[in-house]
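Sequence and predicted model, in that order:
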Amino acid sequence: MPVMPEEAKAESKEGLIAFVRYWYELVNYGYETGDVEPVRAVSGPDCFACQNFYSGMGDVYGRGGWIQGGDIEIVTLNSEYQLTSEGRYQVLVSVKQRDMTYWDEAGQADRRPGDEISFLQIMEISFENEGWYIHLAESTGD
């Protein structure tokens, strides 16, 4: 399981960026293991991308299947590090997801190609109780 780097614990622009990188490591860990709880622990109930992730992992791993591949690669990551009126920081992340194979409980495979070009996700994150918390993570077009 990924370990949060010390830098990601700081309330700073560098800490925010390090936390977002860590969050994607948690997502990749979830694809590999089916364990979504580490993502859920630092993400809110209104996070659309998070809810889709939980549901997808539950569908596959909950029926005895597993996923091979599918890791998300960060292409670019940027934040102006200015608070919104809701007290959150916005982060723009360009990501690509690699090829993925879904295996069902019988060992049958469903292969899905990865992204040829990156897509943009916007995140809104706050620093609460001495840690970062994701309120929103949505892909453009969601």
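Okay, I see it.

what secondary structure does Ile17 sit in?
Under DSSP: H, G, I helix; E, B strand; the rest coil, Ile17 falls in the helix class.

Quick check, it in contact with Thr76.
No - with contact defined as CB atoms under 8 Å, Ile17 does not count as touching Thr76 (11.1 Å). In this view, the C-beta of every residue, glycine as well, is placed from N, C-alpha and C.

and these two? which has more neighbours close in?
Remark: of Ile17 and Thr76, Ile17 carries more neighbours, 19 against 10, as counted by other CB atoms under 10 Å.

Tell me who's in contact with the more buried one.
Shown in contact with Ile17 (CB atoms under 8 Å, 6 or more residues apart in numbering): 77, 79, 91.

Among those residues, find me the one that's closest to Ile67.
Nearest to Ile67 among the contacts of Ile17 is Leu77, at 24.0 Å by CB to CB.

Give me the secondary structure label for that closest one.
Under three-state DSSP, the three-state class of Leu77 is strand.

how close does it get to Val95?
Separation of Leu77 from Val95 (CB to CB, to the nearest Å): 9 Å.

and what of Arg88?
Arg88 is 20 Å from Val95, where distance means CB to CB.

ditto for Arg112
Counting by CB to CB, the gap from Arg112 to Val95 is 16 Å.

neighbour-wise, which of the contacts of Ile17 leads?
The most crowded member of the contacts of Ile17 is Val91, carrying 24 neighbours; neighbours defined as other CB under 10 Å.

Name the SS class of that one, please.
Put simply, Val91 is strand when judged by three-state DSSP.

looking at it, it is touching Gln82, isn't it?
No - if you go by CB under 8 Å, Val91 and Gln82 don't touch, sitting 11.3 Å apart.

which residues of this structure score low on pLDDT?
Residue ranges of the chain with pLDDT under 70: 141-142.

residue ranges for the strands of it, please.
66-69, 72-78, 89-97, 100-103, 109-112, 119-128, 131-139 (DSSP state E).

what about Leu16, how many neighbours?
Neighbour count for Leu16, taken as other CB under 10 Å: 24.

need the contact list for it.
Counting by CB under 8 Å, 6+ apart, Leu16 makes contact with 79, 81, 89, 91, 125, 127, 132.
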